[in-house]
Structure formats: C-alpha cells, structure tokens
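**Student:** For reference, the sequence and a predicted model appear below.
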Amino acid sequence: MKKIFTTLVAALMLSAHVFAVSSKDVCGQFSGTLYIDWDEYPGRSVYLLPGAVENSVTFVLPDFTFGAGKLGNIVLPNIQVNADGTLNLEPSTLYLDSIDLRASIRMLNNYEEGDETFNSVVSATQAEITLEIAEPQTLPMPIIVYFSGEAVRNNNYAMVNGGFEGAWTNNEPKGWHSFGSATGVMVDFVKENTFQFVQSTDVRPGSAGSHSALISSTLLLGVKANGNCTNGQINAGSMTADDKTANYNFSDPANEGFNTPLQGRPDSIVFWAKYQPADRNAANEENRARMSAIITTDDRYQDPEEADNYGEVKIATAVVNYAAAADFGWQRIAVPFTYNPTNLNKKPAYILTTFTTNKLPGGGSSYTEGSGRNKVNHLDSVYLDDVKLVYNNDLARFAINEDVLSFENKIASVDENYCDSCDAYNAVGNGISTQTFIAFDAVHKCIFVYVIADDFAQSGKFQLYRVNFTDTDEEGLVDPSDGLEKVGAEKANVQKVFINGQLIIRRGNELYTITGKRIQ
C-alpha cells in the first residue's frame with residue numbers, strides 16, 4: 001500500500017532543506033486518503049490550523065468513523081512543527097465528541113508495518129499524519145490511523161478579478177463580459193457597444209488597486225439600453241428591452257470562458273459602486289441601479305428567468321436595487337445571500353453575477369443638452385470596484401450544556417473534569433459554511449474553539465476562542481465567572497495561491513515556489 005507514497009517524504013524533505021518549515025507555512029486543508037488499520041477511505045480531508053502557542057499547529061480530522069460508529073472530530077492542539085516538517089505531539093488523551101469514550105493517542109514520527117515506514121511530516125503542499133489510538137475498554141489492540149494527502153489548491157471560493165484590474169482584452173477584463181462578447185440574434189447590432197463597459201482610473205476610497213469599471217446606458221434607435229456587465233455572457237435577442245425570453249445574462253457549464261466556477265457557500269457579496277443617474281432627484285424611486293448574484297448547481301441558468309423553472313438550479317440568491325449616495329459618490333454595499341432550504345445539500349458549482357445601470361430593463365433616466373451637432377444625451381452610469389464574496393467565520397454561540405457563555409467578559413471557567421461529558425460543549429458559527437472544532441487542552445487547562453469557513457483553504461482566515469477551566473469548589477460548583485475570550489488572529493500570515501497553474505506560497509509581500517525559491 002505504501003509504495004504509491006514512496007516519493008512523498010523525499011519531496012517533503014527536499015522542500016524542508018531549502019528553507020525551514022514554520023507552522024504558518026503548513027496550515028491549510030489537505031485532501032487525500034485515510035487509512036484505519038489499513039482499510040482505505042478515499043476523499044477525506046484534514047485541517048492544520050494555527051496553534052495557540054508559538055510554532056505549533058492544531059490537527060483536525062473531522063467526522064472520524066471507525067466500524068459502524070461515527071465517533072466525532074479528532075482535534076489535537078498545539079503540535080510542534082520542526083524545521084524539517086516533522087511533527088511532535090506528546091502522548092495525550094483523546095476525548096471523542098459523541099460517545100463516552102476515553103482513549104490515548106500518540107502521533108508517530110515513524111511507524112513500521114512490514115517493510116514499509118509511515119511518518120508524520122508536512123509541507124505547504126503535502127501531509128502525512130500517523131496516529132496510534134488505544135482504548136483498553138473496547139479495543140483489544142491499538143489502531144493505526146494514517147492520512148496521506150495534498151493541499152487543497154482550488155481557488156474557486158472568491159470572485160474572479162473583483163477589482164477589474166489588469167489588461168482588458170477586446171475591451172473586457174479577465175472574468176467579466178458585456179455587449180462586445182454577447183451572443184444572440186441581435187449580436188451584430190450590439191457588439192459595437194463597447195463604450196458601455198470601459199476601464200476607469202476612478203477607484204473607491206482606500207482601494208489597493210488602480211482601476212475600476214464603468215458601465216453606462218445608451219440610446220439605440222431611440223430605445224434605452226442599460227449598461228450591463230456580467231461574469232456570464234449576455235444574450236441579445238430582441239429590440240424589446242424587457243423581453244426576458246430573448247434578453248438575459250446566462251451561465252452555462254458548456255460555455256467555456258463565460259462562466260465563473262464557485263465551490264464555496266459565501267454569506268454575502270460586497271461591492272463598491274458610484275451610481276450617477278442622469279436624474280439627480282433622489283426621491284425618484286425609478287433611480288435604482290441593480291446587482292444580482294446567483295449561486296447555482298452544475299446546470300444552465302439565466303437572469304432574468306424566462307419562467308419559474310430554475311428551482312432545482314438556484315442554491316442561493318443575493319439581489320439589491322440601490323439608490324445613489326447622497327453626494328453621488330462611492331458607497332460600499334453588502335448584500336446577504338438567501339439560501340434555498342431545499343437545495344442546501346447540493347454542491348455549488350457556479351455564480352452568475354450581473355451589474356446593470358437600472359433595476360428595470362430599458363429603465364433609467366436621461367436628458368438632452370444642446371441641439372444639432374452640439375446635442376448631448378446624458379444617461380445613467382455606474383462605477384464598480386472591489387467585488388468580494390464574504391465568508392463569516394465568527395462564533396455565534398458557545399454553550400456548556402444549556403448554559404450559554406457571553407462575550408462580555410474575557411474568561412469563562414468550567415469544571416476541570418470537563419471531559420466526563422464531552423458532548424456538553426456546543427459551538428455554533430454565524431455563517432452558512434462555518435465549521436467549529438473544539439480542542440481540549442489539558443496542558444494549558446483550557447478549551448480552544450476554532451471557527452473556519454469554506455474559504456479557509458484559500459484565504460487562511462480563521463478565528464480562535466479560549467475558555468479556561470478550573471477546579472470545582474467544596475460544593476462541587478463551577479466558578480461563576482461568565483465569558484469567552486477571543487484570542488486568535490483573523491488570518492494566517494501565509495497563503496497558498498494558484499498563479500498560472502503553479503502553486504505559490506505567499507509570506508507577507510514575498511512569493512516563493514513550493515521548493516522555497518523566492519520569486520518576488
């Protein structure tokens with residue numbers, strides 16, 4: 001079985017000799033095969049989260065199962081990371097979440113089975129973890145739990161080029177499209193409308209970028225045409241603006257280059273807009289620009305829908321019709337996603353996002369200035385910048401049995417015998433995709449609560465909370481102090497990014513190859 005992994009340790013050690021591995025380098029999500037006493041369970045994931053003490057990681061194996069039983073999460077805090085990528089964990093006691101089972105656990109740096117050797121060694125790209133779990137009450141012999149996998153390299157959790165930066169090809173930036181690349185029977189009529197979607201140097205306040213996008217409405221043979229950009233493709237099929245059977249934006253898995261893959265479940269979409277309607281009457285309810293973002297399955301979808309026949313396709317929807325800012329300047333707009341409860345178990349595959357100058361097809365305002373050759377038509381326009389998907393990763397609720405701990409004070413104290421009933425602890429995140437992992441740390445006499453969301457593998461964002469525990473008093477009562485301390489960083493300082501098909505390690509402003517060679 002081990003033969004397929006013979007090159008793994010060599011690759012890990014080669015990387016380690018180029019530069020010393022730190023705990024932040026190796027944090028992330030790893031996907032591969034789990035072996036429990038050599039029975040194979042492919043398609044499993046483990047997480048390495050930043051530890052609460054220096055140069056350490058917390059190991060998480062979610063939903064550990066053995067035999068017919070689902071035993072809960074294995075969470076091992078504060079594992080020391082050596083410079084060569086090997087891991088050190090002192091023998092510890094493992095408390096499984098969902099059953100009253102105490103087991104001892106060891107992380108093995110070297111374990112031999114026949115002529116094969118198994119290790120616990122990690123790098124930014126790969127991981128081997130070897131555990132020995134012993135539970136004398138129910139297991140006649142210790143079991144070996146071995147994981148081997150690669151770092152999750154998928155970047156499909158963020159909006160592509162949300163800042164509209166970089167070179168524009170055929171008057172369109174990477175990831176975004178407008179009339180210049182439209183399809184449909186009216187394509188020859190609209191394809192020259194490239195002036196309705198242009199790059200601008202007017203950026204939102206505080207932007208790290210240097211460009212934004214400007215969409216503008218226009219008049220075509222006297223018919224008002226909204227400015228429109230999308231990360232799908234425009235279908236132009238009718239001169240009647242509100243003909244939704246012919247005029248729409250769409251996303252199709254078969255339409256390569258005109259769809260935006262998305263694997264995460266974000267909580268909201270945030271963007272900056274400077275909406276400037278021709279009619280500056282703020283009380284006019286028709287002066288509303290529009291953004292819509294639809295997360296879909298691996299199926300075709302169009303916006304607007306020509307009929308109510310996409311119920312099986314839509315996973316989540318975020319739509320807003322927004323007015324101009326009081327000074328007609330930049331404003332930050334955040335729109336929560338509403339998830340279809342009947343489709344929560346379906347995997348996200350794409351996101352279709354549309355920005356338009358008015359909430360109604362062919363809508364908006366205009367006025368004419370001058371006459372003859374000096375005649376100028378003034379119409380609606382919208383500047384757009386820094387479109388982002390937001391994944392919440394805060395802790396919404398932490399309870400011990402039925403007692404909810406508040407966030408008002410810094411420390412909560414619980415019984416030192418906390419693991420006599422491990423299922424007494426309940427942590428709930430505040431996002432649609434949040435996962436919470438509870439680490440019982442007997443050495444530091446506390447409980448660590450980790451909170452991550454779908455985008456952890458890409459963004460490195462996490463939150464860490466700490467609950468201290470203490471001895472009970474003479475009457476067996478817990479110290480009455482009430483509170484929860486937030487101690488974690490919001491983001492690991494090392495990110496793994498995919499650039500031109502190559503995995504790159506980012507440390508602050510520096511970029512490295514996976515072998516440790518600095519490239520920036």
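**Tutor:** Nice, thanks for sending it over. Numbers count the residues shown, from 1 in each chain.
**Student:** Need the contact partners of the helix or strand hosting Leu34.
**Tutor:** Using DSSP states H and E, Leu34 falls within strand 28-36. Residues from elsewhere that reach strand 28-36 (Cβ atoms under 8 Å, 6 or more residues apart in numbering): 1, 40-48, 61, 66, 124, 126-127, 143-152, 456-457, 460, 496. (C-beta placed from N, C-alpha, C; glycine too.)
**Student:** strands paired with it, and their directions?
**Tutor:** strand 39-50 (antiparallel), strand 143-151 (antiparallel) (DSSP bridges).
**Student:** list the buried ones in the shortest one?
**Tutor:** Okay, so that is strand 143-151. Across strand 143-151, burial judged by 16 or more other Cβ atoms under 10 Å covers 144-149, 151.
**Student:** wait, what's in contact with the nearest residue to Ser212 once chain neighbours are set aside?
**Tutor:** Closest residue to Ser212 in three dimensions, ignoring its sequence neighbours and counting by Cβ to Cβ, 6 or more residues apart in numbering: Asp385, at 4.0 Å. By Cβ under 8 Å, 6+ apart, the residues touching Asp385 are 163-164, 203-204, 207, 209, 212-213, 271-273, 330.
**Student:** rerun that using 7 Å as the cut-off
**Tutor:** Contacts for Asp385 (Cβ atoms under 7 Å, 6 or more residues apart in numbering) come out as 163-164, 203-204, 207, 212, 272.
**Student:** so which helix or strand takes in it?
**Tutor:** strand 381-390.
**Student:** Number of residues surrounding the nearest residue to Asp394 once chain neighbours are set aside?
**Tutor:** Excluding the flanking residues, the one nearest Asp394 by Cβ to Cβ, 6+ apart is Asn430, at 5.0 Å. For Asn430, the neighbour count with other Cβ atoms under 10 Å is 14.
**Student:** What does the pLDDT read for Asn430?
**Tutor:** If you check Asn430, the pLDDT there is 89.
**Student:** Secondary structure class of Gly257, three-state.
**Tutor:** Put simply, Gly257 is coil when judged by DSSP: H, G, I helix; E, B strand; the rest coil.
**Student:** Count the neighbours of it for me.
**Tutor:** 8.
**Student:** and it, how far is that from Asn170?
**Tutor:** 12 Å (Cβ to Cβ, to the nearest Å).
**Student:** Please name the residues that touch the most centrally placed residue in the chain.
**Tutor:** Centroid check for the chain by Cα atoms, centre = their mean gives Asp455 as the closest residue, at 2.1 Å. Each residue near Asp455 by Cβ under 7 Å, 6+ apart is listed here: 157, 264, 391, 461.
**Student:** what's the answer for Phe250, then?
**Tutor:** Residues in contact with Phe250 (Cβ under 7 Å, 6+ apart) are 232-233, 235, 300-302.
**Student:** try it again with 8 Å
**Tutor:** So Phe250 contacts 232-233, 235, 300-303, 352 (Cβ under 8 Å, 6+ apart).
**Student:** Let me see the mean pLDDT of stretch 384-392.
**Tutor:** The model assigns stretch 384-392 a mean pLDDT of 96.
**Student:** Go through it and flag the buried ones.
**Tutor:** Neighbour count says stretch 384-392 has 384-387, 389-392 buried, by 16+ other Cβ under 10 Å.
**Student:** Same question for stretch 165-173.
**Tutor:** 165, 168, 171-173.
**Student:** Figure out how far that stretch is from the centre of its chain.
**Tutor:** Here stretch 165-173 is found 26 Å from its chain centre; the criterion is Cα atoms, centre = their mean, to the nearest Å.
**Student:** coming back round to it: looking at the contacts of Asp455, which one is closest to Asn82?
**Tutor:** Distance to Asn82, by Cβ to Cβ, is smallest for Lys461 among the contacts of Asp455, at 26.0 Å.
**Student:** The closest one: neighbour count?
**Tutor:** Quick note: Lys461 (other Cβ under 10 Å) scores 18 neighbours.
**Student:** Pull the most distant pair out of the contacts of Asp455.
**Tutor:** The widest separation within the contacts of Asp455 (Cβ to Cβ) is 11.8 Å, between Gly264 and Lys461.
**Student:** Check the contact lists of those two and give me the overlap.
**Tutor:** 391, 453, 455.
**Student:** and the nearest residue to the first one once chain neighbours are set aside, how far is that from Pro62?
**Tutor:** Distances taken as Cβ to Cβ, 6+ apart put Ala453 closest to Tyr391, at 3.7 Å, once the chain neighbours are dropped. Taking Cβ to Cβ as the measure, Ala453 and Pro62 are separated by 14 Å.
**Student:** same deal with Val335?
**Tutor:** Separation of Val335 from Pro62 (Cβ to Cβ) stands at 30 Å.
**Student:** Just give me how far stretch 269-283 sits from the chain centre.
**Tutor:** Worked out by Cα atoms, centre = their mean, stretch 269-283 lies 29 Å from the chain centre.
**Student:** Could you export that stretch as PDB, CA atoms only?
**Tutor:** What follows is stretch 269-283, C-alpha atoms only, in PDB (Å, rounded to 0.1, in the frame of the first residue of the first chain):
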ATOM      1  CA  ILE A 269     -21.400  39.700  -1.600                       C
ATOM      2  CA  VAL A 270     -19.800  43.100  -1.100                       C
ATOM      3  CA  PHE A 271     -19.000  45.700  -3.700                       C
ATOM      4  CA  TRP A 272     -18.300  49.400  -4.100                       C
ATOM      5  CA  ALA A 273     -20.400  51.500  -6.500                       C
ATOM      6  CA  LYS A 274     -20.600  55.100  -7.600                       C
ATOM      7  CA  TYR A 275     -24.100  55.400  -9.200                       C
ATOM      8  CA  GLN A 276     -24.700  58.600 -11.100                       C
ATOM      9  CA  PRO A 277     -28.200  58.700 -12.600                       C
ATOM     10  CA  ALA A 278     -28.900  61.400 -15.100                       C
ATOM     11  CA  ASP A 279     -31.900  62.400 -13.000                       C
ATOM     12  CA  ARG A 280     -30.400  63.700  -9.700                       C
ATOM     13  CA  ASN A 281     -33.800  63.600  -7.900                       C
ATOM     14  CA  ALA A 282     -33.100  61.200  -5.100                       C
ATOM     15  CA  ALA A 283     -36.800  60.800  -4.300                       C
END
